[in-house]
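> Got a predicted structure plus its sequence, pasted below:
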Amino acid sequence: MIDLLLELCLRDMPETCARHLLPGACVEARARAWAAAHPAAVPRGWSCADPATAVAPLAVTEVAPGVFVHRGHDEMPSPENAGDEANVGFVIGRDAVAVIDAGGSRGVAEALYAAIRARTELPIGWVILTHMHPDHVIGAALFREAGAKVVGHARLPDALLNRSETYSEALVRQIGPLAALGGDIVLPDETVADRREIDLGGRVLLLEAHPTAHTDNDLTVLDTETGTWWMGDLVFQHHAPSVDGSALGWIALLDALAARPAARIVPGHGAPSLPWPEGAAATRDYLAGLVGETRAALARGESLTEAAPRIGQDLRGDWVLFDEFNTRNATAVYRELEWE
């Protein structure tokens, strides 16, 4: 398969240049159209290339037959990791491929696309977004260019619309303007309010929209062929959890899902796969600890200012990025519980 490789330089920093992969027909008109839609860049040239060799493919692990997962870095976004934080991957069916989460920059998505093309030339039919956070959604634009339909929770469009400007500004600040180039927020083409099945050809994915938990737009994806359940950020490992929805709702959802069988899960952060339901235990324990300590602080009459820096400090354990997330989580849980 041959795609378009575009040489670009930043308009305000003409000495800063990079190559970007544009999936699809290798014709000059596409290069001009893409450049026109991204005025921060100036095109310097274009060529045709095999994506599997033009871009270093993202390292992936085959956790089950036809199910590939890339483990993101347990780090905050930076120029060094270029937004490669979340677990992302793909499932290959007989007729098509589905991408599950698209990465935190266009560069991550290009590398994921190259990893797919190193294994199959089947069309990429869908990119499924498990929730709104930028480390999972920024790369979706590239897969739409490749012909995929973007699918997410019914509440995902509003979540992205409300945050798109903030996400775009933060991306430039965190990973730099060159790495952020082409990191366009795109809205879903299709949404899921309850359940939906996607057939990749002899392989059915079950998409389920959930009540507010990690966020108000959490979506899980079950590969019914292998029993592999993509949990998005409903499950964290190593990387400290982030509460952006409801701690109580999150605990209740994990408890409800634990009664259902699966061969393995793919967490949003951590190892490419974990056993189920044991793999969710650390996330649930952390959330339950936050809830318990918050209720105790409220019973003592502590204000948010007094309580937030202390709540959860004894839950540090082996969590990476604990200091970056715990006080924020404690604040969110305090506000959720103060009127219960």
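Received, thanks.

> Can I get stretch 68-79 as CSV, trimmed to CA atoms?
Extracted C-alpha coordinates of stretch 68-79, given in CSV (Å, rounded to 0.1, in the frame of the first residue of the first chain):
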residue,chain,number,x,y,z
PHE,A,68,-2.8,-5.8,19.1
VAL,A,69,-2.1,-3.4,21.9
HIS,A,70,0.5,-0.7,22.3
ARG,A,71,1.4,0.2,25.9
GLY,A,72,1.6,4.0,26.4
HIS,A,73,4.2,5.6,28.6
ASP,A,74,3.3,6.2,32.3
GLU,A,75,4.2,9.9,31.9
MET,A,76,2.7,13.3,31.5
PRO,A,77,2.7,14.5,27.8
SER,A,78,6.1,16.0,26.7
PRO,A,79,8.1,16.7,23.6
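
> Give me the buried positions along that stretch.
Along stretch 68-79, these residues count as buried under the neighbour rule (16 or more other CB atoms under 10 Å): 68-74, 77. (Each C-beta comes from the backbone N, C-alpha and C, glycine too.)

> Which residues outside that stretch are in contact with it?
By CB atoms under 8 Å, 6 or more residues apart in numbering, the surrounding residues in contact with stretch 68-79 are 58-63, 81, 83-92, 103-104, 112, 115, 119, 134-135, 171, 174-176, 179, 238-239, 266, 269-273, 320-321, 324.

> The nearest residue to Ala193 once chain neighbours are set aside: neighbour count?
In space, and not counting its chain neighbours, Ala193 is closest to Ala154: 4.1 Å by CB to CB, 6 or more residues apart in numbering. By other CB atoms under 10 Å, the residues close to Ala154 number 15.

> List the residues that contact Ala154.
Counting by CB under 8 Å, 6+ apart, Ala154 touches 191-193, 209, 217.

> What's the per-residue pLDDT of Pro309 here?
Pro309 is assigned 96 on the pLDDT scale.

> actually Glu28, sorry about that
Here, the pLDDT recorded for Glu28 equals 85.

> Could you say which helix or strand holds the residue nearest to it when sequence neighbours are not counted?
Closest residue to Glu28 apart from its sequence neighbours, by CB to CB, 6+ apart: Trp46 at 6.5 Å. According to DSSP states H and E, Trp46 maps onto strand 41-49.

> Where does pLDDT dip in the stretch 51-200 of the chain?
In the predicted model, the stretch 51-200 of the chain carries no residue with pLDDT under 70.

> now the strands: where do they sit in it?
Along the stretch 51-200 of the chain, counting by DSSP state E, counting those that start in this stretch, strands occupy 61-64, 67-70, 88-92, 97-100, 124-128, 149-153, 190-192, 195-199.

> Same list, those, but as TSV with distance to Gly289 please.
Output for the strands of the stretch 51-200 of the chain, formatted as TSV (distance: least, CB to CB, whole Å):
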stretch	distance to Gly289
strand 61-64	29
strand 67-70	28
strand 88-92	29
strand 97-100	29
strand 124-128	31
strand 149-153	27
strand 190-192	32
strand 195-199	32
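
> Which of those sits closest to Gly292?
strand 149-153 (29.0 Å; CB to CB).

> Turn the buried ones among the contacts of stretch 68-79 into a named PyMOL selection, would you?
Here is the PyMOL command that picks out the buried ones among the contacts of stretch 68-79, judged by 16+ other CB under 10 Å:
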select buried, resi 58+60+63+81+83+84+85+86+87+88+89+90+91+92+103+104+112+115+119+134+135+171+174+175+176+179+239+266+269+270+271+272+273+320+321
